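> predicted structure and sequence below. I'll ask about it afterward.
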Amino acid sequence: MSKRLAVAFTGPSNSGKTTLILKVARKLIHEHKLKVSIIKHDPKDKANFDVEGKDSYKFSDTGADVIVTSPNRTTYFSQKHSELEDMIRLFDDFDVLLVEGLKNLPLPRISVFRNSIDMDYFPYMNALAIDSSIDKDAYDLADVDILDLNSPDSVISWIFKNAKKIKKDKR
């Protein structure tokens, strides 16, 4: 039975978001035997997925939407912005969807910080994943769930209790 839970992670660059998501995803997949999908936001459009000169780059460079399929993977290159619902339809079958970034999406959100907390993230978060580099007494954290950044199990427990349930598209 598919759980279809979705949760987002946010925080400044180099705060540990990707590392935490990787740890959580690996545990969900290998220990909990769940199917995990991940959406990563690239706000500066700097990620490179294709190499200039290769056929898939040439196809994508035409402006067409392109799917590259092989025996081990399928990669989708779209020339337009997709909303969360569109991306969920692409994944279709998952137990847990982890989203990095996209702080305006209506998903429960874990903010990740090291060394200091940026209060600008507070309106967007439901939980705070921090390590011992943060002085918790220096902030008003009364209404926020505090998670150990170095404990993927505590983050997974929070996800199971708080993630948004996503209905399956009936198309």
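Looks like it arrived, so ask away.
> shaky segments in the protein?
Within the chain, the ranges that satisfy pLDDT under 70 run 1-2, 41-51, 55-56, 62-65, 67, 103, 169-171.
> all strands of it, in order?
For the chain, strands defined by DSSP state E occupy the ranges 5-10, 36-40, 66-69, 74-77, 96-100, 109-113, 127-130, 145-148, 164-165.
> now distance to Lys54 and mean neighbour count too, for the ones you listed, in JSON lines please.
C-beta here means a position set from N, CA and C on the backbone, and glycine is covered the same way. Compiled in JSON lines, these are given as follows (distance: least, Cβ to Cβ, whole Å; neighbours: other Cβ atoms under 10 Å):
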{"stretch": "strand 5-10", "distance to Lys54": "31", "mean neighbour count": "24"}
{"stretch": "strand 36-40", "distance to Lys54": "22", "mean neighbour count": "17"}
{"stretch": "strand 66-69", "distance to Lys54": "9", "mean neighbour count": "14"}
{"stretch": "strand 74-77", "distance to Lys54": "12", "mean neighbour count": "12"}
{"stretch": "strand 96-100", "distance to Lys54": "26", "mean neighbour count": "23"}
{"stretch": "strand 109-113", "distance to Lys54": "34", "mean neighbour count": "25"}
{"stretch": "strand 127-130", "distance to Lys54": "38", "mean neighbour count": "24"}
{"stretch": "strand 145-148", "distance to Lys54": "41", "mean neighbour count": "16"}
{"stretch": "strand 164-165", "distance to Lys54": "37", "mean neighbour count": "11"}
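> turn those into JSON lines, including distance to Arg89.
Shown next, in JSON lines, are the strands of the chain (distance: least, Cβ to Cβ, whole Å):
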{"stretch": "strand 5-10", "distance to Arg89": "13"}
{"stretch": "strand 36-40", "distance to Arg89": "11"}
{"stretch": "strand 66-69", "distance to Arg89": "14"}
{"stretch": "strand 74-77", "distance to Arg89": "11"}
{"stretch": "strand 96-100", "distance to Arg89": "12"}
{"stretch": "strand 109-113", "distance to Arg89": "22"}
{"stretch": "strand 127-130", "distance to Arg89": "27"}
{"stretch": "strand 145-148", "distance to Arg89": "30"}
{"stretch": "strand 164-165", "distance to Arg89": "16"}
